[in-house]
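Engineer: Build me a model:
(3 chains)
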Amino acid sequence: MELALGLANYALFMGVFIGIYAILALGLNIQWGYSGLFNAGIAGFFAVGAYTSAILTSPHAAGRIGGFELPTLVGWVGAMAVAGLVAWPIGKVCLRFRSDYLAIASIGIAEIIRLVIKSEDVLTNGAKGINNIPRPFGDLPYVQSQIAYLAIVIVVLAVVYVAVERQYNAPWGRMMRAVRDNEVAATAMGKDIAFRRLQAFIFGAALMGLGGALFAHFSRSITPEAIDPMVATFLVWIMLILGGSGNNRGAILGAAVVWIIWSVSEIATDRLPHEYAVQAKYIRVFLIGLMLQLVLRYRPEGLLPEPLGGARNAPAATAKATPRNGH
Amino acid sequence: MTVIDFLNFHIVPGIVIGSIYALGAVGITLIFGILRYAHLAHGDLATLGAFLALALVQLLGVPPLVVLPFVIVLTAGIAVGIDRVFYDAFRERPKIITVMSSLGIALMIRAVVQVVWGVNTQTYTRGLVRPDDYFGLRLRDREIYTVAAMIGLVVALQLFLNRSKWGKAMRAMSDNPNLALLSGIDNRKVVMLTWIISGGLCAAAGVFLGLNTELKPMMGWSMLLPMFAAAILGGVGRVEGAVLGGLIVGIAEELSVLVLPSEYKAAMAFAILLVMLLVRPTGLLRGKVL
Amino acid sequence: MNKKVLALAGSLLAATALTGTAAQADVKIGLLGGITGPIAAMAPAMLLSAELAISEVNGQGGIGNGEKLVQVTGDSACNPQNGTDAATKAVNIDGVVGLVGPHCSGAVIAAANSVAIPAGIALITPSGTSPEITNLKDNDLVFRTVPSDDYQGRALARSLKEQGMDSVAVAYLNNDYGSGLANAFKSEFEAIGGKITTFAAHEGEKASYRSNLAELAKGGSDTLVIFDYGDGSGLTMLREALENGFFTNYVGADGMKSDAPIKELGANNLGTFLASAPVGEKSDSLDVFAKNFKDIGGDPDAVFVTTSYDATFLMALAIEKAGGDKSKVGAALRELSSATDGEAVMPGEWAKAKALIAEGKPFVYKGAAGTYNFDAAGDVPGVYALFKVGANGFEKVADMK
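Structural biologist: From the prediction side, this is the model:
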């Protein structure tokens, strides 16, 4: 009985994390999957969202701004707005760089954001982080509280999914893919490419900010350790590419599969004798890397590839002739 | 601050660190230019090289500089092996697949280093090496070796690229792959050469970093971003650009404490990079725009 | 599609459940460490000292009626994501009755908030030093054996002043450990009339700190206080400072009192290096622990090993006292730590403590890193001493008040 309850708790916890990472992956899908923008600074927007919501909703604390104790929903909307707002000048400046340059520029900006968060005590409480962020239904007992939060995450994810999917099928989405696949032709058709790209960049960044806010409220805290590039940027990339870039369901599935591998691999390597308990953790990281190789090798289009011919639920009118140019 | 202090405490360390960045950045820029993807395992490959050297130093009881050539060859071989086993299968795929794959390789290499050598901080030779005085300039012998080796390796590489048949083939692949392939260049051989050169230089970067400071399993990973900044700064595909970029990043980091709070030291490389990309998107020495 | 995910998750869970329920009679405790990630160099020694405590418990009668105390090791990777994940697994899959760790403050706060506190599982961190841990609304479940940086920073300030160092430069690692110590040190040192000539944070893992050191030296002080880790960037900084002679005297806190500087730089080069560290009131405790830890191949001077040992030993005591009932472990910890009189229990004396618990007699655990009287927030004040490097490693110079 206790074990069943434990498993339920673990599954709920995984569900929440998968949901949060799925939102990040959907944000990245808009940028990379739809528009070909190589944003390697996910951690930066994640951080901006998490800290914005933390500052807006947490109780007053000495030595830093914030303590507005606003409702959580305001925090989340604020997180999206501020993440989008931060993305705007960055996009304005950086989107003229092509793929790999954009990647290194965005990674640099994310690092600068991380350093600011670590160092500016007045804004973010510096290295100590912000604590006592309210979790909706956080006063309920363990299981109920996790169920409630999972329900919220699922609702948010569903709304995000519908919104992103609509955009995919809408003329906007078709145009973005046209821009991505053949920029010259799209320009020739009179599309304002720079502006469209900026839209995609801001939209994606706002979702990343939302993901950050959801994470901060679930953990009831946000610290600079949470915005390490490995767990906040590269992991999301692995999820999207593995799930199937350009496919929203693929992004969600990728988040689920990668997080499950990431988490369950530890239970697997714990089967080693306990003298090797420490080594087992290194081996686990090795296995995660190896697993990534295998999936890339045998499902190179991702688990759910981008549907050919653009719009789902619509007759495949014009199949894309040229294969994706992955830069 | 006197001029000599400025040289000793900002310019000299900047040049030494810059030389280490440069050794890594040359490999990154070659892979960028010829294979056209960002190789995220480059830092961890450097870590592996540094620890292989440690193993040889402890086994044979000789100074690290003696084993350097062997480690360069060994790591070059490992790089070719990684390419054959993993990256090669993705050659016809979108490049992002290889980028993700290299991220996985980075994790795998680091895990191997941690299992084999443990996680403790180690050094090649224990104790302190106090700098010698050269007319007021304070230099440690290992710093002179670092810069000299970097210059030697890069000059040799440039000679190879400009004079030899295969070097020219590599440059041709970097400039125009379609034309190069049409003119009968063996793609596989060029790929292999790229990995031999990048892997070897990468190992040298790791060994010199270890020689100047300490060996840690995360040493290469934390060097990855400055090395990328250096490669882009210099212009993708340009070897001398990568060297210049590495030196600029190294010196800029050491100068940054004069103008910025010291916790922002790591931001300096990126700030320069962003400005550079805005003003001159092709890099300092006109590289290609990918 | 969601069904598929659920089915996949379900089958994986079932698979792990089948393998995970072997010996139910054992009492499990979770050891969560930053095994991979930025503090990977410190974690193995800390886990080893925790294992020493566990093996002593099992060697001297175990828990209750001879049940074995079994460790469940989790990797918190020094970030909240993996920290909460590891804590969730330990609590829910393995059914641990108490958590020792995580090691890094961010992971501690997140794991406490989303796992330990809601699940009612007591948590002791041996190394989470952030003052934010004090501010947790923790239902008296979250404790730490490492004193909040505040105490050590202030004690160090007073000791240095006593040693006649009136003017110092301060360099600190820009994380919760470094900045917490540095700020506490600064406010106390300046309050008692000391002068801080330069005060600068640095990022870890850089290859050169010479320009930082040149800036620090500009203030004209001949003493540098480094709040960093002796097997990380603190070592690089100390090396470069010594090689270039930027300062004459060097001072560190417990993070710098690590074996690595002696091993890598040489004791003969560290004649002017002082480090503070927590010690037991009854310093025999530290000696006993040091001997036992050396016997299993551990290094007693490694960072946070004493606090890690004490955290595990205290957790075992609390589990014994609570009769293995996880809902009572937190209260038992509180009770144990409020005892001020009674017999003294030293590290390694599990059988004695077990007998005292059985008889219901009060006792005081004199740990390797001090006696633990947790205050209302679960923090301990701590007792410190100042160490110098001698021929046989660190030697105590003076007690710190």
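
Engineer: Helices of the stretch 1-150 of chain B, start to end?
Structural biologist: Taking DSSP state H, counting those that start in this stretch to define them, one finds helices in the stretch 1-150 of chain B at B:3-6, B:12-30, B:42-60, B:64-85, B:95-117, B:141-163.

Engineer: go on, the stretch 251-400 of chain C?
Structural biologist: Under DSSP H, counting those that start in this stretch, the stretch 251-400 of chain C gives helices at C:259-265, C:284-295, C:305-321, C:329-338, C:350-359.

Engineer: Tell me what angle the third one forms with helix C:284-295.
Structural biologist: The reference is to helix C:305-321. Following axes from the mean of the first three to the mean of the last three CA atoms, to 10 degrees, one obtains 100 degrees for the angle between helix C:305-321 and helix C:284-295.

Engineer: which residues of the chain score low on pLDDT?
Structural biologist: No chain in the question, so chain A it is. Screening chain A residue by residue with the criterion pLDDT under 70, one finds the ranges A:1, A:308-327.

Engineer: try again with chain C
Structural biologist: The low-confidence ranges in chain C, as defined by pLDDT under 70, are C:1-24, C:280-283, C:381.

Engineer: near chain B, which residues of it?
Structural biologist: C:36, C:38, C:40-41, C:43-44, C:174, C:200-203, C:205-208, C:210-215, C:218, C:231-232, C:235-236, C:239, C:242-245, C:260, C:263-266, C:269 (CB under 8 Å from any CB of the partner chain). Where C-beta positions appear, they are placed from N, C-alpha and C, glycine not excepted.

Engineer: what helix or strand does A:Met175 sit in?
Structural biologist: Using DSSP states H and E, A:Met175 sits within helix A:171-181.

Engineer: what helices or strands is that helix leaning on?
Structural biologist: Helix A:171-181 sits against helix A:183-188, helix A:193-219, with contacts defined as 3 or more CB pairs under 8 Å, 6 or more residues apart in numbering or on different chains; DSSP states H and E.

Engineer: Switch the helices of the stretch 251-400 of chain C over to JSON lines; also include mean neighbour count and distance to B:Val99.
Structural biologist: Formatted as JSON lines, the helices of the stretch 251-400 of chain C follow (neighbours: other CB atoms under 10 Å in any protein chain shown; distance: least, CB to CB, whole Å):
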{"stretch": "helix C:259-265", "mean neighbour count": "23", "distance to B:Val99": "35"}
{"stretch": "helix C:284-295", "mean neighbour count": "18", "distance to B:Val99": "45"}
{"stretch": "helix C:305-321", "mean neighbour count": "28", "distance to B:Val99": "39"}
{"stretch": "helix C:329-338", "mean neighbour count": "21", "distance to B:Val99": "47"}
{"stretch": "helix C:350-359", "mean neighbour count": "17", "distance to B:Val99": "53"}
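
Engineer: and C:Tyr250, which of these is closest to it?
Structural biologist: Of all the helices of the stretch 251-400 of chain C, helix C:259-265 sits nearest to C:Tyr250, with 9.4 Å by CB to CB.

Engineer: Residues in contact with the closest one: which ones?
Structural biologist: If you take CB atoms under 8 Å, 6 or more residues apart in numbering or on different chains as the criterion, helix C:259-265 is touched by B:120-123, B:126-128, B:214, C:230-231, C:234-235, C:238-239, C:242, C:270, C:273, C:299, C:301-302, C:389, C:393-394.
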